[in-house]
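In: can't give you the sequence, but here's the structure:
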């Protein structure tokens with residue numbers, strides 16, 4: 001009951017809109033008005049070859065256009081990334097997860113229903129009221145920007161945007177439990193009206209005429225996101241205020257040190273300096289997250305600053321850019337010039353086929369080539385010192401994935417006044433360690449003296465000068481901020497950068 005009662009809101013949103021999880025939108029459909037569901041069935045079309053070519057170079061980064069509108073209405077929408085395993089075979093490890101974004105207009109209402117997927121949500125913007133019904137008990141909660149919410153599959157819920165001016169936006173990670181990478185949202189009224197007439201009559205002990213009047217007509221005129229009146233919004237607010245001792249999720253009996261509503265932005269940051277702040281929630285601070293082994297983090301990177309290079313030992317990081325612009329660099333040992341050319345050649349021969357089908361074929365060819373000849377092990381050995389650096393510009397609405405062991409740097413642009421704000425969902429968080437490769441707390445500085453000399457081919461003193469020069473940790477001055485330094489210092493750093501580059505290559509292969 002403990003985990004069930006933590007049914008937070010966001011997922012409700014996310015789920016509330018989605019009737020089918022794997023869906024796509026063609027350019028022609030984008031122009032249609034009104035509310036509609038768009039179902040994707042291995043969509044192939046013009047322009048896909050170009051997307052495949054781009055994805056082969058940057059399989060971990062997704063621009064705002066990568067999100068497909070799967071639910072649309074005059075009162076809001078739901079957008080989703082395609083299943084990760086359909087985007088790249090390198091992402092097959094998270095094929096059971098989906099990313100969705102729910103947008104609800106002021107005074108809009110997401111009708112009651114339930115999803116067939118668990119969800120972890122983060123309220124990006126706005127304020128609303130979430131109502132859930134579990135074990136015969138109804139609870140209503142006020143939710144607002146910064147709230148983290150855990151939403152179990154199969155629980156009836158509805159959500160309302162109670163703000164008269166601002167859009168309610170919720171970012172969600174869905175863990176599918178029925179069909180990998182697919183999810184559905186079941187509407188309560190539609191489920192009942194889908195039953196046979198004789199079953200309806202027996203179940204409700206009511207005449208067919210009255211049932212048809214309620215379910216038949218209601219189903220035709222009501223959508224998934226509808227407009228609520230001012231009086232209805234006031235009533236929802238009142239129910240939330242009377243829902244318990246707290247206006248936030250979760251309410252008693254789960255209130256206390258770690259079960260009160262968890263708002264990231266109201267907590268003490270785990271890392272904070274003039275270059276940025278990091279807020280985190282995991283099973284230790286918010287027990288409901290422990291059932292799903294996920295950590296939620298919010299990074300606010302000052303314009304012109306960046307994160308120190310780091311990698312996660314266990315977690316796959318799925319990140320969404322909420323505000324600002326910048327760049328992301330990810331070091332990937334799975335990509336190389338040769339593999340890129342191979343993928344591009346395959347895409348030419350594989351026109352008209354699905355991405356997953358081509359990936360499976362490449363995998364089979366790779367296995368055949370390695371049988372009995374030792375070529376597979378030789379290929380792995382050759383790749384030990386070859387890494388691709390994936391560089392991509394990101395902005396509001398972008399998403400990126402960082403697998404475990406892949407060093408990453410996030411840079412906030414100095415050309416904009418706004419900071420780069422990113423919400424991160426880290427899967428497999430329980431035993432994860434974040435390892436810093438630069439900064440005051442970098443792991444490389446902890447190497448033994450002989451290890452430093454053997455790894456870098458330089459005296460330990462010179463290595464220590466490079467590794468110990470940066471006194472900040474977590475968030476650092478970005479490349480553009482560093483340009484104001486004196487020419488003499490840059491000449492000194494130029495020599496040091498060669499050692500740092502060698503160092504990062506070694507770190508990627510050794511850890």
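Out: Looks like it came in fine. Keep in mind it's a predicted model, so treat the numbers as computed, not measured.
In: Now do the helices in the stretch 301-450 of the chain.
Out: Counting by DSSP state H, counting those that start in this stretch, one finds helices in the stretch 301-450 of the chain at the ranges 337-349, 355-370, 375-383, 449-456.
In: if you average pLDDT over the second one, what comes out?
Out: Spelled out, it's helix 355-370. Taken as a whole, helix 355-370 carries a mean pLDDT of 50.
In: Also stretch 167-174?
Out: 96.
In: what comes into contact with it?
Out: 9-11, 13-15, 21, 97-106, 108, 115, 117-128, 161, 183, 294, 318, 320, 322, 423, 425, 427 (CB atoms under 8 Å, 6 or more residues apart in numbering). Where you see a C-beta, it was placed from the backbone N, CA and C, and this is true even at glycine.
In: Now do the strands in the stretch 251-400 of the chain.
Out: Taking DSSP state E, counting those that start in this stretch to define them, one finds strands in the stretch 251-400 of the chain at 262-263, 271-273, 276-281, 294-301, 305-307, 310-312, 316-323, 325-332, 388-395, 399-402.
In: How about the contacts made by residue 428?
Out: By CB under 8 Å, 6+ apart, the contact list for residue 428 reads 293, 314, 315, 316, 404.
In: ignore the last one, residue 98
Out: Neighbours of residue 98 in contact, by CB under 8 Å, 6+ apart: 21, 80, 81, 83, 84, 117, 173, 174, 176, 181, 183.
In: Could you export the contacts of residue 428 as JSON lines, including distance to residue 224?
Out: Listed next are the contacts of residue 428 as JSON lines, based on distance: CB to CB, whole Å:
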{"residue": "293", "distance to residue 224": "31"}
{"residue": "314", "distance to residue 224": "37"}
{"residue": "315", "distance to residue 224": "33"}
{"residue": "316", "distance to residue 224": "30"}
{"residue": "404", "distance to residue 224": "37"}
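In: which residues touch residue 242?
Out: By CB under 8 Å, 6+ apart, the neighbours of residue 242 are residue 140.
In: shaky segments in the stretch 401-511 of the chain?
Out: For the stretch 401-511 of the chain, applying pLDDT under 70 flags the ranges 482-511.
In: Of all the strands of the stretch 251-400 of the chain, which one comes closest to residue 450?
Out: In terms of CB to CB, the element of the strands of the stretch 251-400 of the chain nearest to residue 450 is strand 310-312, at 24.2 Å.
In: Show me what the closest one is packed against.
Out: Contact here means 3 or more CB pairs under 8 Å, 6 or more residues apart in numbering; DSSP states H and E; on that basis strand 310-312 packs against strand 434-436.
In: Other residues contacting the strand it packs on?
Out: 308, 309, 310, 311, 312, 313, 442, 443, 473, 474, 511.
In: which one of the residues you listed is nearest residue 466?
Out: For the contacts of strand 434-436, the residue nearest residue 466 by CB to CB is residue 442; the value is 10.3 Å.
In: Any figure for the gap between the closest residue to residue 93 other than its chain neighbours and residue 96?
Out: Using CB to CB, 6 or more residues apart in numbering and skipping the chain neighbours, the partner closest in space to residue 93 is residue 316 (6.6 Å). Going from residue 316 to residue 96 by CB to CB, to the nearest Å gives 11 Å.
In: of these two, who's got more company?
Out: Neighbours were counted for residue 316 and for residue 96 using other CB atoms under 10 Å; residue 316 has more, 21 against 18.
In: ok, back up a step: out of the contacts of residue 98, which sit inside helices?
Out: residue 84 (DSSP state H).
In: Pipe the contacts of residue 98 into TSV and attach neighbour count and distance to residue 165 per row.
Out: Formatted as TSV, these follow (neighbours: other CB atoms under 10 Å; distance: CB to CB, whole Å):
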residue	neighbour count	distance to residue 165
21	26	31
80	28	27
81	20	29
83	24	35
84	25	36
117	31	31
173	27	28
174	28	29
176	22	35
181	19	36
183	26	31
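In: give me the low-pLDDT residue ranges for the stretch 151-300 of the chain?
Out: Those would be 216-222, 243-261, if you go by pLDDT under 70 across the stretch 151-300 of the chain.
In: all helices of it, in order?
Out: 188-193, 197-204, 208-211, 217-221, 230-241.
In: for the last one, packing partners?
Out: This means helix 230-241. strand 127-134, strand 137-144.
In: Pairing partners for the first one, with directions?
Out: Put plainly, it is strand 127-134. strand 137-144 (antiparallel), strand 156-161 (antiparallel) (DSSP bridges).
In: ranking those strands by burial, who's on top?
Out: Greatest average neighbour count among the strands paired with strand 127-134 goes to strand 156-161 (a mean of 24), per mean count of other CB atoms under 10 Å.
In: residues touching the closest residue to residue 264 other than its chain neighbours, list them.
Out: Excluding its sequence neighbours, the residue lying closest to residue 264 (CB to CB, 6+ apart) is residue 279, at 4.3 Å. For residue 279, the contact set (CB under 8 Å, 6+ apart) comprises 264, 265, 267, 269, 270, 297, 298, 299, 300.
In: change it to 6 Å
Out: Neighbour list for residue 279: 264, 267, 269, 298 [criterion: CB atoms under 6 Å, 6 or more residues apart in numbering].
In: And residue 109, by the same measure?
Out: Taking CB under 6 Å, 6+ apart as the criterion, residue 109 is in contact with 160, 226, 228.
In: by contact count, what packs against the helix or strand where residue 120 lies?
Out: Here residue 120 sits within strand 117-125, counting by DSSP states H and E. Contacting strand 117-125 under the criterion 3 or more CB pairs under 6 Å, 6 or more residues apart in numbering; DSSP states H and E are the following elements: helix 9-17, strand 147-151, strand 168-176.
In: Quick one: residues in contact with that strand.
Out: 10-11, 14, 143, 145, 147-153, 169-177, 183, 294, 322, 423.
In: Which members of the residues you listed are classed as buried?
Out: Buried subset of the contacts of strand 117-125 (neighbour count, 16 or more other CB atoms under 10 Å): 10-11, 14, 143, 145, 147-153, 169-176, 183, 294, 322, 423.
In: thinking again about what came up before, listing partners with orientation, what would you give for the strand holding residue 120?
Out: Counting by DSSP bridges, strand 117-125 is paired with strand 147-151 (antiparallel), strand 168-176 (antiparallel).
In: Distance-wise, check residue 327 relative to residue 91.
Out: 21 Å.
In: quick revisit: report the buried members of the contacts of residue 279.
Out: Here, 16+ other CB under 10 Å leaves 264, 269, 298 buried among the contacts of residue 279.
In: Throw those into a markdown table and include distance to residue 207, thanks.
Out: Shown next, in a markdown table, are the buried ones among the contacts of residue 279 (distance: CB to CB, whole Å):
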| residue | distance to residue 207 |
| --- | --- |
| 264 | 52 |
| 269 | 61 |
| 298 | 54 |
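In: Name the member of these with the shortest distance to residue 72.
Out: residue 298 (28.1 Å).
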